[in-house]
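>>> Okay, structure incoming, though there's no sequence with it:
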């Protein structure tokens, strides 16, 4: 039985976020230039977007390029910017066909002009779609996002439109790139690394984590289905009493599974 057959379609997460890691190592293992790993990774992006749309997941966020990634060799960075351009050009028709709404999270102003133009076209073209929301985290950093939010709130205080004592979690959330979008229920990271790497650090307060040794270019729909199945086995406390994933949407309780794979680990930020 495949993981897809095991998934309860009624208790899927509202928001899945993926740290796509391991492209360079994948290429190195095959004696290829690092950039080839990024190019081969596009098929994994396509597979996950298709799988999310098929399952009718509301939100999928992909961590494509961090604010720290500018430190990489200029040749690699340039190649990545061109690859993002190609991806948006080639996949736009697919997004439109599958009713996918595209959104950018990150500092758009820091990106090359030619890529900004392509991003604008994709954003405008899919704005009316009502299916899967695909967030692409590009030139994104979690700490940078919080600094941006604090500055906006500070400006409102300075202008006399906001009292400091009225600042709460909801106001901070409203100033993030993901304002109006549910926080991620599940964060997946590939390549065996066990950290967030400055990704959605405000939004991930109660996310479940799924870590796998699979390098991103080898990540398939079945790997995503596995992560979703494992997510459904968790008992989510949210700082309170035990509530299973299923119980959060219905009265049914899902027992813990003993069929975890050796190469994946699911962890939780809550106590």
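That came in fine, so what should we check first? This is a predicted model, so every value here is computed, not measured.

>>> so residue 176 touches residue 202, yeah?
Yes - Residue 176 lies in contact with residue 202 (C-beta atoms under 8 Å); the separation is 6.1 Å. In this view, the C-beta of every residue, glycine as well, is placed from N, C-alpha and C.

>>> low-confidence ranges in the stretch 1-150 of the chain?
Within the stretch 1-150 of the chain, no range satisfies pLDDT under 70.

>>> Mutual contacts of residue 176 and residue 202, please.
Residues touching both residue 176 and residue 202 (C-beta atoms under 8 Å, 6 or more residues apart in numbering): 145-146, 149.

>>> Could I get the contacting residues of residue 40?
23, 26-27, 217.

>>> In helices, which of these fall?
Among the contacts of residue 40, the members falling in helices (DSSP state H) are 23, 26-27.

>>> Quick one: those residues as CSV, columns for neighbour count and distance to residue 57 too.
Output for the ones in helices among the contacts of residue 40, formatted as CSV (neighbours: other C-beta atoms under 10 Å; distance: C-beta to C-beta, whole Å):
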residue, neighbour count, distance to residue 57
23, 23, 23
26, 23, 25
27, 21, 29
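
>>> The closest residue in space to residue 98 that isn't next to it in sequence: what secondary structure?
Ranked by C-beta to C-beta, 6 or more residues apart in numbering and with sequence neighbours excluded, the top spatial neighbour of residue 98 is residue 53, at 4.7 Å. Here residue 53 is helix, with the state taken from DSSP: H, G, I helix; E, B strand; the rest coil.

>>> tally of neighbours for residue 160?
If you count neighbours by other C-beta atoms under 10 Å, residue 160 ends up with 7.

>>> do you know how far the residue nearest to residue 98 is from residue 131?
6 Å (C-beta to C-beta, to the nearest Å).

>>> what does residue 125 give?
14 Å.

>>> What are the boundaries of the strands in the chain?
Per DSSP state E, the chain carries strands over the ranges 15-19, 59-66, 101-105, 133-140, 186-189, 208-212, 235-236, 243-244, 264-268.
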